[in-house]
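Asker: Quick one, structure for this:
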Amino acid sequence: MTDWPGGEPGNIAGVAWGRLTAHADERGAFRELWRASWSTERFVQANLSSSRAGVLRGLHYHRRQLDRWSVASGRAFVALVDVRPLLADLSATPLVETRVLGPDEWVAIPAGVAHGFYAIEATDLLYFVTNEYDGTDELGFAWDDPEVGLTWPHRHPILSPRDRANPPLRELLRSLRG
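Answerer: Numbering: from 1, shown residues only. Next comes the predicted model:
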């Protein structure tokens, strides 16, 4: 992944965090969300996720897809888990990074880094992805897996049935190994 303009590297390799620039006047504001020259990655789909306060989405893991998230409104507690070292060694300790994103803030998430967010308040999250959705690369593991060690803002979030049923991380990785 290329250096992202206006971004700063995260603690996980390939992750970048940043802020959109608002060009404002008395009429309102304009923000550039994406330019092809900002990265060598080719985004092929854009999505908008709307979540009410208390919703947790994740942890989701893609082997072949990069995501770039921008918060359009609200505030989200974002959690990232680097799964790449565990693919080679299941006994490795996953590297975790968290941050609260507010309006006009963004994060770039490379393939192999699991991600999820908790909506601290009603949140609209716009995200660009490098693969069109087909379901074959849509994997997940338990948001509250104690071996991952994430501390979420709330212990009883609102979850989808799928996210509620996700296995622990190491179980997911063992199943991928065959």
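
Asker: confidence score at the closest residue to residue 19 other than its chain neighbours?
Answerer: Closest residue to residue 19 apart from its sequence neighbours, by CB to CB, 6 or more residues apart in numbering: residue 105 at 5.3 Å. Just so you know, the C-beta spots here come from the backbone N, C-alpha and C atoms, and that holds for glycine as well. Residue 105 is assigned a predicted lDDT (pLDDT) of 94.

Asker: List the contacts of residue 105.
Answerer: 17-20, 70-71 (CB atoms under 8 Å, 6 or more residues apart in numbering).

Asker: Correct me if wrong: residue 69 contacts residue 99.
Answerer: No. Between residue 69 and residue 99 there is no contact under CB atoms under 8 Å: 11.1 Å.

Asker: In terms of neighbours, single out the busier of the two.
Answerer: residue 69 (21 against 15; other CB atoms under 10 Å).

Asker: what about the more buried one, helix or strand, and which?
Answerer: strand 67-73 (DSSP states H and E).

Asker: residues of that strand that come out buried?
Answerer: Applying a neighbour-count criterion of 16 or more other CB atoms under 10 Å, one finds 67-72 buried in strand 67-73.

Asker: Which strands or helices does that strand pack on?
Answerer: Helices and strands touching strand 67-73, by 3 or more CB pairs under 8 Å, 6 or more residues apart in numbering; DSSP states H and E, are strand 105-109, strand 113-119, strand 123-129.

Asker: CA atoms of the second one as CSV?
Answerer: What it means is strand 113-119. This file holds the C-alpha atoms of strand 113-119, laid out as CSV (Å, rounded to 0.1, in the frame of the first residue of the first chain):
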residue,chain,number,x,y,z
VAL,A,113,-6.1,-7.0,9.2
ALA,A,114,-9.4,-7.9,10.9
HIS,A,115,-11.6,-4.9,11.7
GLY,A,116,-14.7,-4.0,13.5
PHE,A,117,-16.4,-0.9,15.0
TYR,A,118,-18.7,0.0,17.9
ALA,A,119,-21.1,2.9,17.2
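
Asker: For it, what is the distance to the chain centroid?
Answerer: 5 Å (CA atoms, centre = their mean, to the nearest Å).

Asker: Nearest residue to residue 18 in space, please, no chain neighbours.
Answerer: Per CB to CB, 6+ apart, closest to residue 18 is residue 7, 3.5 Å.

Asker: Next one: the nearest residue to residue 76 once chain neighbours are set aside from residue 125, what distance?
Answerer: Distances taken as CB to CB, 6+ apart place residue 117 nearest to residue 76, at 4.2 Å, with adjacent residues excluded. For residue 117, the distance to residue 125 (CB to CB, to the nearest Å) stands at 7 Å.
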